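[1] Here is my input; please provide its structure:
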Amino acid sequence: MHPHRSSLARRWAVRASALVTAAVACLATWAGPASAHGSIVDPANRNYSCYVRWGSDFQNPAMAQQDPMCWQAWQDNPLAMWNYMSLYRNGLGGNFQAGIPDGQLCSGGRADNGSYKSMDTVGNWKATDIGNSFTVNLRDLANHGADYLLVYITRPGFDPTTQAIKWSDLQLLTKTGRFSPGQNYTVNLNTSGRTGRAVVYTIWQASHMDQAFFFCSDVNFVR
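    Alright, predicted model coming up:
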């Protein structure tokens, strides 16, 4: 091979290798934090639910028609979707209503900096069918443990497809006791006479530090 062409080929090979390395590093940055914390897997919270359906195909334009709420979330900030397990706040000391404004409950008050603001978008999020007796399942891949879980349900008459969630829209279903560090925490819950759409709002106060996670799970009560 001509010396000039050989040198050019080597430079292109080095450049291609650098691009591949950068791409892998980028993916690692996106995927890493998602495995570091936890999420409500049933009934799935908003960004986890979108990740399950579209994580391997998040650039598919068909999502805009088939799953518009997930589409707006992926378009707004793909990193927040890949990091679906990292929707948390530090140092709130259990004073959640003071730290999270009305209308920002699903983003855990992390809407102003844009990171998870799409979780607060009002609309017809895909919902999980449940009965009046149902179970909330938290997956804790970091083995943080829990000081407690707070599980709320939006009050009867509240329509999450047209209304932003305020603290006054929530009814507390339970405050659990402690969970020792593990990977799955289950809470059995009961309501009465509920039908139609609602949001289950779960707060996980982790035990390893003052770190609280926030999850909006869209549900549809069926009999």
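[2] okay, CA-based contacts and neighbour counts for the rest of this
    Noted.
[3] So which residues of this protein form strands?
    38-42, 88-90, 128-130, 133-140, 146-154, 170-175, 184-190, 196-206, 211-221 (DSSP state E).
[4] how about low-confidence regions in this protein?
    The chain contains residues with pLDDT under 70 at 1-36, 111-114.
[5] which stretches of it form helices?
    Listed in chain order, the helices of the chain (DSSP state H) span 3-34, 46-54, 63-66, 68-76, 78-82, 96-99.
[6] In this protein, which residue is most central in space?
    By Cα atoms, centre = their mean, the chain has its centre lying nearest to residue 47, at 3.7 Å.
[7] That residue against residue 84, yeah?
    Yes - counting by Cα atoms under 8 Å, residue 47 touches residue 84, with 5.6 Å between them.
[8] on that earlier part again, with mean neighbour count and distance to residue 67 added, can I get the strands of the chain in TSV?
    Shown next, in TSV, are the strands of the chain (neighbours: other Cα atoms under 10 Å; distance: least, Cα to Cα, whole Å):
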stretch	mean neighbour count	distance to residue 67
strand 38-42	24	19
strand 88-90	17	25
strand 128-130	17	14
strand 133-140	17	23
strand 146-154	20	23
strand 170-175	16	26
strand 184-190	14	28
strand 196-206	23	17
strand 211-221	23	14
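[9] And those strands: which comes nearest residue 77?
    Distance to residue 77, taken as Cα to Cα, is lowest for strand 88-90 among the strands of the chain, at 16.2 Å.
[10] Work out the sheet partners of the closest one and label each with its direction, please.
    Strand 88-90 has the following strand partners under DSSP bridges: strand 211-221 (antiparallel).
[11] Using PDB, write out the CA atom coordinates for the strand it pairs with.
    Output of strand 211-221 as PDB, limited to C-alpha atoms (Å, rounded to 0.1, in the frame of the first residue of the first chain):
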ATOM      1  CA  GLN A 211     -32.800   9.600  50.200                       C
ATOM      2  CA  ALA A 212     -36.400   9.500  49.000                       C
ATOM      3  CA  PHE A 213     -37.700   8.100  45.700                       C
ATOM      4  CA  PHE A 214     -41.000   9.100  44.100                       C
ATOM      5  CA  PHE A 215     -43.200   7.000  41.800                       C
ATOM      6  CA  CYS A 216     -46.500   7.700  39.900                       C
ATOM      7  CA  SER A 217     -48.200   4.600  38.800                       C
ATOM      8  CA  ASP A 218     -51.200   5.000  36.500                       C
ATOM      9  CA  VAL A 219     -53.900   2.500  37.200                       C
ATOM     10  CA  ASN A 220     -57.400   1.600  36.100                       C
ATOM     11  CA  PHE A 221     -59.700   0.000  38.700                       C
END
